[in-house]
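Chemist: compute the structure for the input listed below.
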Amino acid sequence: VKSGDSLDLGQGHCLEFVSAPNLHWPDTIFTYDSGTQVLYTCDVFGMHYCDDNLYDELPQLLETDFQYYYDCLMGPNARSVLGALKRMDKLTVGLVATGHGPLLLQHRQDWIERYRTWSEAQSKAAPYVAMFYVADYGYSDRIARAIAQGLTKTGTEVELVDMEEADPHDIRELVAEAAALVIGMPPQENSSSLFAPLLSTLLAAAHDKQAIGLFETGGGDDEPIYPLRNQFLEFGLSEAFPPVLIKTEPSTATDQRCEEAGTDLDQWLEKNRRPRRNKQLESGLDQALGRLSTGLYLLTTRKDEVTSAMLASWVIQASFQPLGLAVAVAKDRAIESLLHGGDTFVLNVLEEDNYQRLTKHFLKRFPPGADRFTGIATYNANNGSPILAEALAYLECTVNSRVDASDHWIIYCTAAVGRVAHPDGITAIHHRKAGSHY
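Modeler: Take a look at the predicted model:
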């Protein structure tokens, strides 16, 4: 079903479906029974609380769990909450039936207004990316979610907008306040009556402090992507990632490419949010922390048809039995999605006086989906990941667990195989002057 669809069950019960994307799940949808005035909300307005009361008879017992649930699952998508509340305003709701927690009846309007108040405050504070696409056209939904995954894994809020349901006034408001725009090309058919005016509204509301990213949807009749791209660039918008072109059915490599596109956009946003560093103002703590020297390594991995690599310096041995090590990986790194429990990789140890070429190569900005190993001599490890022929040594590793460390993940892994190419070689050392950046 789509938003606006209805299903007549007979005997006065007619179910109406209301889209509420991003409220815990990208495809969340409300169901409203006009016969009973019950709104079924999936996880929205829910809480992890249970007692003997079917209804919200004792609100003082529920308040803490109600707000905690909102803060964890709804607050990160505050603008989507406001959009859902706006759609609810058109309904006469007598009872809110949540997926879990008590049914909201006696204090129903108070709970709803709390969501509205919290979301209005949250939406004013958090920058967001507005993503426009046609949900049921081609592979648009899959591609949009993959790009959104690259953004949201570091906490960037994404507002998903289905162009078939979008109101021009809402679009202007969203675009004007967004930090960046992502657009999935709609079908050419019917564009003169529906999509062309919406694209014109997007162009008119965009401004030169934003970034733009475009993707094809693979529907077979997409609007041309480059004329629209060129118009945005002429208006002064920055291109966060090259257009994602979909010519065949998406694969895992396509998903990774799209997630990397989202990561690139997130890094553009972070670069523009981050204040310029003033070396004279770096604190003694910052300078002292920067004096912790570390080695230089290249982490390489292959998962199915996807390969990736990153330069690493925050690496330590973490255990004896089993032999284990820990690697800190920034949450905005594309490779992060390939380093979950059970995944494998190779840690290549770089050699003093023989690492500059490799670091220069892997520090380049690669387009999403690009082969990072072009021009680099490699051979396959037992776990399938690339071993760099110029490395001083290498370790074949399996990820055991991850620990959340604010803006990084600490990846704990065990080493199964290791070799040293040059027994007399010395590990390259990385020296920093400040602890607040690499």
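Chemist: now A334: closest residue in space that isn't a chain neighbour?
Modeler: E260 (4.3 Å; CB to CB, 6 or more residues apart in numbering). Every residue, glycine included, has its C-beta placed from N, CA and C.
Chemist: again but with A204, I slipped
Modeler: Nearest one to A204, counting by CB to CB, 6+ apart, is R172 at 7.6 Å.
Chemist: list the contacts of that neighbour.
Modeler: When contacts are counted by CB atoms under 8 Å, 6 or more residues apart in numbering, R172 touches 201, 204-205.
Chemist: cool, G99 as well?
Modeler: Contacts of G99 (CB under 8 Å, 6+ apart): 41-43, 46.
Chemist: got a list of what R116 touches?
Modeler: When contacts are counted by CB under 8 Å, 6+ apart, R116 touches 81-82, 85.
Chemist: what helix or strand is it located in?
Modeler: Element membership for R116 (DSSP states H and E) is helix 108-125.
Chemist: tell me the first helix or strand C-terminal of that helix.
Modeler: With DSSP H and E, the next secondary element past helix 108-125 is strand 128-133.
Chemist: CA atoms of that next one as PDB?
Modeler: Taking C-alpha atoms only, strand 128-133 is exported to PDB below (Å, rounded to 0.1, in the frame of the first residue of the first chain):
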ATOM      1  CA  TYR A 128      19.800  17.900   7.900                       C
ATOM      2  CA  VAL A 129      19.900  16.600   4.400                       C
ATOM      3  CA  ALA A 130      16.700  16.700   2.300                       C
ATOM      4  CA  MET A 131      16.400  13.700   0.000                       C
ATOM      5  CA  PHE A 132      13.800  13.700  -2.800                       C
ATOM      6  CA  TYR A 133      12.900  10.600  -4.700                       C
END
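Chemist: need the helices for the stretch 51-200 of the chain, in chain order.
Modeler: 59-69, 78-88, 108-125, 140-152, 168-177, 196-205 (DSSP state H, counting those that start in this stretch).
Chemist: nearest to K364, of those?
Modeler: With CB to CB as the criterion, K364 lies closest to helix 140-152 of the helices of the stretch 51-200 of the chain, at 18.8 Å.
Chemist: tell me which of the contacts of R116 is nearest to G236?
Modeler: L82 (29.0 Å).
Chemist: burial of the closest one, as a residue count?
Modeler: Neighbours of L82 under the rule other CB atoms under 10 Å: 16.
Chemist: any low-confidence regions in the stretch 151-300 of the chain?
Modeler: 189-193, 274-282 (pLDDT under 70).
Chemist: so where do the strands sit in it?
Modeler: Applying DSSP state E, counting those that start in this stretch to the stretch 151-300 of the chain gives strands spanning 157-162, 180-184, 211-215, 238-239, 294-295, 297-303.
Chemist: tell me the most buried of these?
Modeler: strand 180-184 (a mean of 26; mean count of other CB atoms under 10 Å).
Chemist: run the chain-centre distance for it.
Modeler: Relative to its parent chain, strand 180-184 has a centroid offset of 14 Å by CA atoms, centre = their mean, to the nearest Å.
Chemist: look up phi and psi at the residue nearest to L245 when sequence neighbours are not counted.
Modeler: The spatially closest residue to L245, leaving aside those adjacent along the chain, is E216, at 5.2 Å (CB to CB, 6+ apart). Per-residue torsions, E216: phi -80, psi 160 (degrees, to the nearest 10).
Chemist: same thing with L245?
Modeler: Torsion angles, degrees, to the nearest 10, at L245: phi -100, psi 130.
Chemist: tell me the contacts of the residue nearest to A334?
Modeler: Contacts of E260 (CB under 8 Å, 6+ apart): 150, 241, 334, 368-369.
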